[in-house]
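K.L.:
Below: sequence and its predicted model.
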Amino acid sequence: MKKFMNTAESMVAESVEGFVRAHEAFVVFGPERRCIRRRHLTPGKVALISGGGAGHEPMHIGFVGQGMLDAACVGHIFTSPTPSQIIAAIEEADTGAGCLLVVKNYDGDLMNFEMAIEMAGDRHNIDMVVVSDDIETSRIGEGRGRRGVAGTLIVEKLLGAAAERGMPLAELKQLGEGLNTRIRSMGVALNGVTVPQTERTTFALGPGEMEMGVGIHGEPGHARQPFAASDAIIGHLCETIAGDIAAAPHARALLFVNGLGGTPPAELYLAYNGARRFIEERGISIERSLVGTYVTSLDMQGLSITLALLTNEEIALWDAPVATAALNWP
C-alpha cells in the first residue's frame, strides 16, 4: 500500500491540522483540538453541528463556515467522533439560540450523538436531525434503515442558510425532517477502499466487475454486476432513485453527482450528463446542480447520484451565500 502519510496512526491528526491551517480564513480548532468551528460565530443564531469519521473529506469539516455548519467533529477513519468531542463542539458553537445536530444514520454516529445530548443535560437546548438518503440499505433491510450519505451535504447547506436567516431551532428541525423524505442517493464503485490501519481493501473486484449500491465506509453493495458503459450504469442508478422518490409532474429538483474519492472530474461530468438526461425524460425539472468530490470513501473509485426534490423556498436556501472550504459562492 502506497499513501502520502507518515504513519497510519498519525494520519488523521496530521490531515486535520493541515486542513485547518490551509483554511484558517474559515475555521479554527476548538479546545484541545476536539472539534473544528467556524472562525466567526454569529451570536443569537442556532448552531448547526455535525461530524463523522475521517475518510469522507471534505465532508464534514469542509462544510464549516458561513451558511453551513458552525462546528464539526472528526473521528478516526470510518469511526464516529466521541461524545466528548461532540460536547466540545456544542459548548464552542452555542451562542444562546440552541444547537441542531445533523447526524448520518449509522449506529455508531447515532449512539455517540445521542449520548452527547444526554451528557450535555439542561445546559444547552439541543435537537437532532437524522439524515437517511441512501436507497440501498432500505432495499436490503439493514440496521436502522437508510444510511446517511451524500444527501447530507444538501441538508446541511439548506439548514445552514435557514439558520443564517434566523430560523428558530424547532423550525430548523422540521425543515430538516421534511427534506429527508425528498432526498435519495445511490452509489456504485469500481474498487474497494484501502484502509491505512489494516492495509487491506474492503472488497475486491475482478477486472470486469463493479459493485452496485456501495456505502461511504467501504461497504460492499447489494449486487456485483458485470462492468458496463456509463449510460447503462447511470441509467440503473437513476431508475432506482426515480422509482423510490415520489415526484409529482414537473417537480423541481437538485441533481448532485458526487465522486467517492478516486473518480476524475471528466468521468463525473460525463455521468452527470447521462443522469440529467434520464431524470428530465421523466418530467422532473433540474433547477440546480452540483458535480464534484464532496462526500468520499477514502480512495474509492466510484460515484453516487443524489436527487433532491425542492420547493421554491428551498431552492432559494440553496442559492443563499456560503463561505466554506468546500462550497463557496456569494
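P.N.:
Looks like it came in fine.
K.L.:
Using the three-state scheme, assign V130.
P.N.:
strand (DSSP: H, G, I helix; E, B strand; the rest coil).
K.L.:
Sorry, wrong one. I was asking about S289.
P.N.:
Put simply, S289 is strand when judged by three-state DSSP.
K.L.:
Would you agree it is in contact with Y272?
P.N.:
Yes: S289 lies in contact with Y272 (Cβ atoms under 8 Å); the separation is 7.0 Å. For glycine as for every other residue, the C-beta is placed from the backbone atoms N, C-alpha and C.
K.L.:
Looking at the two, which is more packed in?
P.N.:
Neighbour count, other Cβ atoms under 10 Å: between S289 and Y272, Y272 has more, with 21 against 13.
K.L.:
The more buried one falls within a strand, correct?
P.N.:
No: counting by three-state DSSP, Y272 is not found in a strand; it is helix.
K.L.:
lowest-pLDDT helix or strand in this structure?
P.N.:
Least confident helix or strand, the chain: helix 135-140 with a mean of 66, by mean pLDDT, DSSP states H and E.
K.L.:
need the next SSE after it, C-terminal direction.
P.N.:
Following helix 135-140 in sequence order, the next helix or strand is helix 151-164 (DSSP states H and E).
K.L.:
contacting residues for M115?
P.N.:
P83 (Cβ atoms under 8 Å, 6 or more residues apart in numbering).
K.L.:
for V74, that is, sorry about that
P.N.:
Contacts of V74 by Cβ under 8 Å, 6+ apart are 12, 16, 36, 51-54, 60-61, 81, 85.
K.L.:
picking up where we left off before, quick one: common contacting residues for S289 and Y272?
P.N.:
L255.
K.L.:
Surely S50 and D109 touch.
P.N.:
No: judged on Cβ under 8 Å, S50 makes no contact with D109 at a distance of 9.4 Å.
K.L.:
which neighbours do those two share?
P.N.:
V103.
K.L.:
Tell me which of these two has more neighbours.
P.N.:
Taking other Cβ under 10 Å, S50 and D109 do not tie; S50 has more neighbours (32 against 25).
K.L.:
next one: phi and psi at the more buried one?
P.N.:
phi -140, psi -170 (degrees, to the nearest 10).
K.L.:
Can you check the pLDDT for the closest residue to L190 other than its chain neighbours?
P.N.:
Nearest non-adjacent residue to L190, counting by Cβ to Cβ, 6 or more residues apart in numbering: Q301, 4.5 Å away. On the pLDDT scale, Q301 is placed at 96.
K.L.:
got it, and the one 10 residues further on?
P.N.:
We have a pLDDT of 97 for T311.
K.L.:
Check the gap between it and G75 for me.
P.N.:
T311 sits at a distance of 34 Å from G75 (criterion: Cβ to Cβ, to the nearest Å).
K.L.:
swap in G259?
P.N.:
In terms of Cβ to Cβ, G259 sits 22 Å off from G75.
K.L.:
repeat for F227
P.N.:
Separation of F227 from G75 (Cβ to Cβ): 33 Å.
K.L.:
What of A189?
P.N.:
22 Å.
K.L.:
R147 now?
P.N.:
Relative to G75, R147 is positioned 16 Å away (Cβ to Cβ).
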